[in-house]
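In: okay, structure incoming, though there's no sequence with it:
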């Protein structure tokens, strides 16, 4: 298995059941704009999952082994339609419409790993 880096991030949605359901629809299979997924792959993100509990989101982001998080997030922000996507999904998120992904999604610190 190839070596990867894993990042975990969190973000809060507005505590509104209608907005939360709409956010889920925006992220349903096939609903995310293709340019967004393509841009993520181009900067070295190999897999991503988002989980939800109430209005709290938890993201698991796997990347290539030599991934430079800050550089990749800056590059991602300049990809086609990325700024438009961030403004669009900001209606659901506790954030501003001009915030980039790395300003919204907060990196989490791993404090435990089960011994293997």
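Out: That came through, no problem. Bear in mind the structure is a predicted one, so any value in this text is a computation, not a measurement.

In: low-confidence stretches in the protein?
Out: Applying pLDDT under 70 to the chain flags residues 1-2, 116.

In: helices of that one, start to end?
Out: 17-26, 34-42, 69-77, 82-89, 101-104 (DSSP state H).

In: can you check which of those gets nearest to residue 6?
Out: Minimum separation from residue 6 across the helices of the chain (C-beta to C-beta) falls at helix 69-77, 11.3 Å. For every residue, glycine as well, the C-beta is placed using N, CA and C.

In: what about the closest one, distance to the chain center?
Out: Helix 69-77 sits 12 Å away from the centroid of its parent chain (C-alpha atoms, centre = their mean, to the nearest Å).

In: list of residues touching stretch 102-111?
Out: 7-11, 59, 69-70, 73-74, 77, 86, 90, 93, 95 (C-beta atoms under 8 Å, 6 or more residues apart in numbering).

In: between these, which sits nearest residue 18?
Out: Of the contacts of stretch 102-111, the one sitting nearest to residue 18 (C-beta to C-beta) turns out to be residue 93, at 14.4 Å.

In: and the contacts of stretch 102-111, which is closest to residue 40?
Out: Using C-beta to C-beta, these come closest to residue 40 at residue 73, 10.5 Å.

In: and that closest one, what does it touch?
Out: By C-beta under 8 Å, 6+ apart, the contact set of residue 73 is 43, 100, 101, 102.

In: try it again at 6 Å.
Out: Residues counted as contacts of residue 73 (C-beta atoms under 6 Å, 6 or more residues apart in numbering) are residue 102.

In: check which residues of stretch 50-64 are buried.
Out: By neighbour count with 16 or more other C-beta atoms under 10 Å, stretch 50-64 contains the buried residues 55, 57, 59, 61, 63.

In: ends of stretch 24-41, what's the gap?
Out: In terms of C-alpha to C-alpha, to the nearest Å, the two terminal residues of stretch 24-41 are separated by 22 Å.

In: that should have said stretch 73-91, apologies.
Out: End to end - C-alpha to C-alpha - stretch 73-91 spans 21 Å.

In: how far off centre is that stretch?
Out: 11 Å.

In: ok, residue 65 to residue 46 distance?
Out: Distance of residue 65 to residue 46, given as C-beta to C-beta, to the nearest Å: 10 Å.
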